[in-house]
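[1] one predicted model, sequence on top.
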Amino acid sequence: QVQLVESGGGLVQCGGSLTLSCAASGRTFSNYAMGWSRQAPGKAREFVATISWSGGSTVYADSVKGRFTISRDNTNNTVYLQMNSLKPEDTAVYFCSAVYRLYYSGDLTDKNWSYWGQGTQVTVSS
């Protein structure tokens, strides 16, 4: 089992920045690819960024490309999502997820992700 705990959400003004963190425990963190997804009320979940187990490969949704950066620290078992130039449409609950490296598809598809955090709310005011 992999336990994931997100933190760093909150209320920010349009154009502002936030950094989300996801602390992992339970298994060897460096064996898992990680992802950040979000879900706004009434909308389907959308993966915004994923990162390979080594951190050498990242993928971003077009909606966040150039504004968000996913990174990981395999020493401290943590994955981050740096969010800049936030927009009201970025308002959502953000989830961290993990998948064993052999099952990582290398894209933003919503499949194979085995472990999920409880989510953290991000609200961007206009």
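    Yep, that arrived.

[2] quick one: residues contacting the nearest residue to A61 once chain neighbours are set aside.
    For A61, ignoring the flanking residues on the chain, the nearest one in space by CB to CB, 6 or more residues apart in numbering is V48 at 4.8 Å. Heads up, the C-betas are built off the backbone N, CA and C, glycines and all. Listed by CB atoms under 8 Å, 6 or more residues apart in numbering, the contact partners of V48 are W36, S37, R38, Y60, A61, S63, V64, F68, L81, Y94, L108.

[3] how about a cut-off of 6 Å?
    W36, R38, A61, V64 (CB atoms under 6 Å, 6 or more residues apart in numbering).

[4] who's the residue nearest the centre of the chain bridged to?
    Most central in the chain under CA atoms, centre = their mean is W36, positioned 1.9 Å from the mean C-alpha point. Beta-bridge partners of W36, counted by DSSP bridges, are A49, C96.

[5] report the separation between it and G26.
    W36 sits at a distance of 19 Å from G26 (criterion: CB to CB, to the nearest Å).

[6] by contact count, what packs against the helix or strand hosting Q82?
    Assigned by DSSP states H and E, Q82 falls within strand 78-83. In terms of contacts (3 or more CB pairs under 6 Å, 6 or more residues apart in numbering; DSSP states H and E), strand 78-83 is packed against strand 18-25, strand 68-73.

[7] what mean pLDDT does that strand have?
    The pLDDT scores in strand 78-83 average 98.

[8] quick check: angle from that strand to strand 18-25?
    170 degrees (axes from the mean of the first three to the mean of the last three CA atoms, to 10 degrees).
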